[in-house]
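Enquirer: the sequence isn't on hand, but the structure is:
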């Protein structure tokens, strides 16, 4: 099993920044790609960003490209999401997920382990 714990969410004004962290524990050697998803009230969970084990070739949803940056520190088993120029439409619960696959996927069912989520609220 793999456990994921997110942190770093909060309330921020539009245009501000937040940095989310996701610490993995357990059988982390069995997983590869890591990703961030988000879910706003009344909406489906959507892909935000993902990164492979090596840290190369991060992939982003068009809605966050140029504003968000995903990175990982394998020594700490932690993945980060730096969010800049935040907009009210970025308000959601942000979830960390990890996959056994090395390929980058944007659909939720490719990810077998999920964190509990952290709330991000962007005010106008």
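Expert: All right, it came through fine. Computed from a prediction, not measured in an experiment: that's the story for all the values here.

Enquirer: what sits up against the top strand by length along the chain?
Expert: Counting by DSSP state E, the longest strand found in the chain is strand 18-26. Residues from elsewhere that reach strand 18-26, judged by CB atoms under 8 Å, 6 or more residues apart in numbering: 1-10, 12, 31, 34, 36, 76-83, 86, 94, 96, 98, 115, 118, 120. All C-beta atoms are positioned from the backbone trio N, CA, C, and that covers glycine.

Enquirer: and those residues, which of them are buried?
Expert: 2, 4, 6, 8-9, 12, 31, 34, 36, 77-81, 83, 86, 94, 96, 98, 115, 118, 120 (16 or more other CB atoms under 10 Å).

Enquirer: just those residues: which are in strands?
Expert: 2, 4, 6, 12, 34, 36, 78-81, 83, 94, 96, 98, 118, 120.

Enquirer: check contacts around residue 110.
Expert: Shown in contact with residue 110 (CB under 8 Å, 6+ apart): 99, 101.

Enquirer: relative to residue 19, how far out is it?
Expert: Counting by CB to CB, to the nearest Å, the gap from residue 110 to residue 19 is 25 Å.

Enquirer: any idea how far the spatially most central residue of the chain is from residue 120?
Expert: Closest residue to the average C-alpha location of the chain: residue 36 at 2.1 Å, with CA atoms, centre = their mean. Per CB to CB, residue 36 is found 11 Å from residue 120.

Enquirer: which neighbours do the two have in common?
Expert: Shared contacts of residue 36 and residue 120, counting by CB under 8 Å, 6+ apart, come down to 20, 94.

Enquirer: residues contacting the residue of the chain positioned farthest from its centre?
Expert: Largest separation from the mean C-alpha position in the chain: residue 124, at 22.9 Å (CA atoms, centre = their mean). By CB under 8 Å, 6+ apart, the contact set of residue 124 is 13, 14, 88.

Enquirer: will you turn the residues you listed into a markdown table that also has distance to residue 46, pLDDT and neighbour count?
Expert: Formatted as a markdown table, the contacts of residue 124 follow (distance: CB to CB, whole Å; pLDDT from 0 to 100; neighbours: other CB atoms under 10 Å):
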| residue | distance to residue 46 | pLDDT | neighbour count |
| --- | --- | --- | --- |
| 13 | 23 | 98 | 10 |
| 14 | 20 | 98 | 13 |
| 88 | 16 | 97 | 11 |
